[in-house]
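1. Need the 3D shape of this:
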Amino acid sequence: MVDPYAERQPVIHWAWVILAVCFVNLFVNYSIRLGYGVVLPEMIRAMKLTRLEGGDIFNAYLFAYICVSPFAGNLTDRLGARRIVPLFGIVLGLGALLMGTATSFQQACLFFALTGVGAASMWTPIITLIQRWFSVKRRGMALGILSAGFGLGFASMGKLFPVIVARWNWRYCWYFLGIAALVMVVVNIILLRSRPEDRGLSPWGESNLGDPAPRQAAPGTKERGRYTEIVRASRFWVIGFSYFLVAGALYIITTYMVDYARYELGLSYERASLLATVHGLGQIVGVLCIGLISDFIGRRLTILLSNLFISATTVSIVAAGANPAWLFASIGVLGAFYGATFPMYGATGGDYFRKEIMGTVIGLFTFFYGCGAIVAHRVAGYIRDVTGSFTIPFVLAIAASFLAAMLMIFVKQPAEKV
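-> Next comes the predicted model:
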């Protein structure tokens, strides 16, 4: 018997339109977030900032981001990504534009915090949206393609920012990014849809026989009980603390690597900035390959192995010193596992919890990520100011990522949970 619904399926499933729009959203958002590390050496010089202050500007962004992200996830579950993403996108664009006008440490903190509020819609709601548009067995692939957006954004800024700085100054980097974010607001309004059902579709790749049935809420479960349901699950805390540790390890390297190469190793600004390009290209490779692998071996094992590779690669970065070929190769490998980390932890929200609350779960996981990055910036910036070297912070990153891997041993496979 022919299924009449199947005959109405479009040639190009709207899931791919959603994926393309979200790809560009991440490209712009992570150009703003990770591009900060590329422009930081110029801001330090022009505004006479310490490394601790440079880290604290990013921390203002992260503090606002992690405070808003759990609510952004909850609002996505309630109202849909189509409303949330454009609204917060306006704030993101305005915050980036204002960063270009900052003349003091306090102003930079305030404006980057505003940017962080806007950025809260550019991860949790988008990861949630993609998981709703793609079937369980296709999420790793979809998230891998999506996450190539932030790798490409970082890689592009590593090449573009030095050109902008040479022709004008660092402020124009922020103006460029702010305008791009505001353009995407219009695109999101036109093309985003919150659920496949909004267009009479099922998730791409879903089959009645192949995919497990969606997990339903227990009888009597109410909307207001979603936070209680989440925080009572031990797996939530184990995954969250692992995320905290590996995020801290990664941000120690990513935020300060251009500064490290420029002022500790003595590379030119153009060459030091090229590390961001290599890192970003590595991210693209990582999210496309590792995300796909996770569909076969599982998110838990993928995260565990990835965190071990992050620890080993950070050892290689420290050992490389000023050897350019070794340093650039190590940063490229680190970028591959960096790129895979965030979508893999985000995917656990859909793998280990029912779909009706996955946005809330991912938003709460983002709190662990942000706290890890904030602690990393405070500790690394302070130690660098006191000792004049990033060696100790990098060693701490090695230990943190190794421990993050070990914690994943205690997380059961999704099918094993009760």
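2. Quick check: Gly248 vs Arg83, distance?
-> Taking Cβ to Cβ, to the nearest Å as the measure, Gly248 falls 33 Å from Arg83. To be clear about C-beta, it is placed using only N, CA and C from the backbone, and glycine gets the same treatment.
3. repeat for Gly93
-> Distance of Gly93 to Arg83, computed by Cβ to Cβ: 17 Å.
4. neighbour-wise, which of these two wins?
-> The neighbour comparison of Gly93 against Arg83 (other Cβ atoms under 10 Å) goes to Gly93, with 23 against 18.
5. isn't Thr314 right up against Ile398?
-> Yes: here Thr314 reaches Ile398: they are 4.8 Å apart, a contact under Cβ atoms under 8 Å.
6. okay, and the common contacts of the two?
-> With contacts taken as Cβ atoms under 8 Å, 6 or more residues apart in numbering, Thr314 and Ile398 have Ala249 as neighbours in common.
7. These two: which has the busier surroundings?
-> More neighbours surround Thr314 than the other of Thr314 and Ile398, with 25 against 19 (other Cβ under 10 Å).
8. what about the nearest residue to Ser156 once chain neighbours are set aside, how many residues close to it?
-> In space, Ser156 comes closest to Ser31 once its chain neighbours are excluded; the distance is 6.6 Å by Cβ to Cβ, 6 or more residues apart in numbering. If you count neighbours by other Cβ under 10 Å, Ser31 ends up with 28.
9. Now Ser31: phi and psi?
-> Here is the backbone geometry of Ser31 (degrees, to the nearest 10): phi -60, psi -40.
10. pLDDT at Arg262, what is it?
-> Looking at Arg262, its pLDDT is 84.
11. before we move on, what about the one 3 residues further on?
-> Per-residue pLDDT puts Leu265 at 86.
12. Let me see the contact set for the closest residue to it other than its chain neighbours.
-> Distance criterion Cβ to Cβ, 6+ apart; nearest residue to Leu265, sequence neighbours excluded, is Ala322 at 4.6 Å. Going by Cβ under 8 Å, 6+ apart, Ala322 touches Leu265, Gly266, Leu267.
13. can you check Tyr175 too?
-> Listed by Cβ under 8 Å, 6+ apart, the contact set of Tyr175 reads Leu97, Gly100.
14. going on from the strand or helix carrying it, what's the next piece of helix or strand?
-> Taking DSSP states H and E as the definition, one finds Tyr175 inside helix 171-191. As assigned by DSSP H and E, the chain's next helix or strand after helix 171-191 is helix 226-231.
15. Need the residues that contact that next one.
-> Asn74, Asp77, Thr221, Phe236, Trp237, Phe353, Glu356, Ile357, Thr360, Val361, Leu364.
16. Next secondary structure element downstream of it?
-> Using DSSP H and E, the helix or strand that follows helix 226-231 in sequence is helix 234-259.
17. returning to what we had before: can you tell me which of the contacts of Ala322 lies closest to Val165?
-> Nearest to Val165 out of the contacts of Ala322 is Leu267 (Cβ to Cβ; 15.4 Å).
18. Shouldn't Leu267 be within a strand?
-> No: secondary structure of Leu267 (DSSP: H, G, I helix; E, B strand; the rest coil): coil, not part of a strand.
19. Distance-wise, check it relative to Ser234.
-> Per Cβ to Cβ, Leu267 is found 46 Å from Ser234.
20. Can you list the low-confidence ranges for the stretch 101-250 of the chain?
-> Low-confidence regions of the stretch 101-250 of the chain, defined here as pLDDT under 70, cover residues 135-140, 150-151, 154, 158, 198-201, 203-226.
21. Now the helix or strand containing Val285: buried residues?
-> Assigned by DSSP H and E, Val285 falls within helix 269-297. By 16 or more other Cβ atoms under 10 Å, the buried positions in helix 269-297 come out as 269, 271-288, 290-295.
22. From Gln283, how far out is the closest residue to His377 other than its chain neighbours?
-> Leaving out its chain neighbours, the residue that sits closest to His377 by Cβ to Cβ, 6+ apart is Gly55, at 3.4 Å. Using Cβ to Cβ, Gly55 is found at 22 Å from Gln283.
23. With Ser147 instead?
-> Ser147 is 7 Å from Gln283, by Cβ to Cβ.
24. Which residues are in contact with each of these two?
-> Taking Cβ under 8 Å, 6+ apart as the criterion, Ser147 and Gln283 both touch Gly339.
25. Following element in sequence after the helix holding Val285, please.
-> Counting by DSSP H and E, the next helix or strand C-terminal to helix 269-297 is helix 299-320.
26. Specify the angle between that next one and helix 269-297 in degrees.
-> Inter-element angle recorded for helix 299-320 and helix 269-297: 150 degrees (by axes from the mean of the first three to the mean of the last three Cα atoms, to 10 degrees).
27. Just the buried positions in helix 299-320, please.
-> Across helix 299-320, burial judged by 16+ other Cβ under 10 Å covers 299-315, 317, 320.
28. C-terminal to it, what's the next element?
-> That would be, after helix 299-320 and using DSSP H and E, helix 324-352.
29. what angle separates that following helix from helix 269-297?
-> On the basis of the same axes, to 10 degrees, helix 324-352 is oriented at 40 degrees to helix 269-297.
30. Quick check: buried residues in helix 324-352?
-> Within helix 324-352, the residues scored as buried using 16+ other Cβ under 10 Å are 327-352.
31. Any stretches of the stretch 251-400 of the chain with poor pLDDT?
-> Applying pLDDT under 70 to the stretch 251-400 of the chain picks out residues 291, 350, 355-356, 358-359.
32. So what does the residue lying closest to Trp174 once chain neighbours are set aside look like in phi/psi?
-> Nearest residue to Trp174, sequence neighbours excluded (Cβ to Cβ, 6+ apart): Gly100, at 3.5 Å. Per-residue torsions, Gly100: phi -70, psi -10 (degrees, to the nearest 10).
33. Can you verify my assumption that Gly100 contacts Gly178?
-> Yes: contact criterion Cβ under 8 Å: Gly100 and Gly178 qualify, at 7.1 Å.
34. Apart from its neighbours in sequence, what residue is nearest Met122?
-> Asn29 (3.8 Å).
35. Just the element for that neighbour, please.
-> Following DSSP H and E, one finds Asn29 within helix 14-47.
36. Okay, angle between that helix and helix 234-259 too, please.
-> Using the same axes, to 10 degrees: helix 14-47 against helix 234-259 is 50 degrees.
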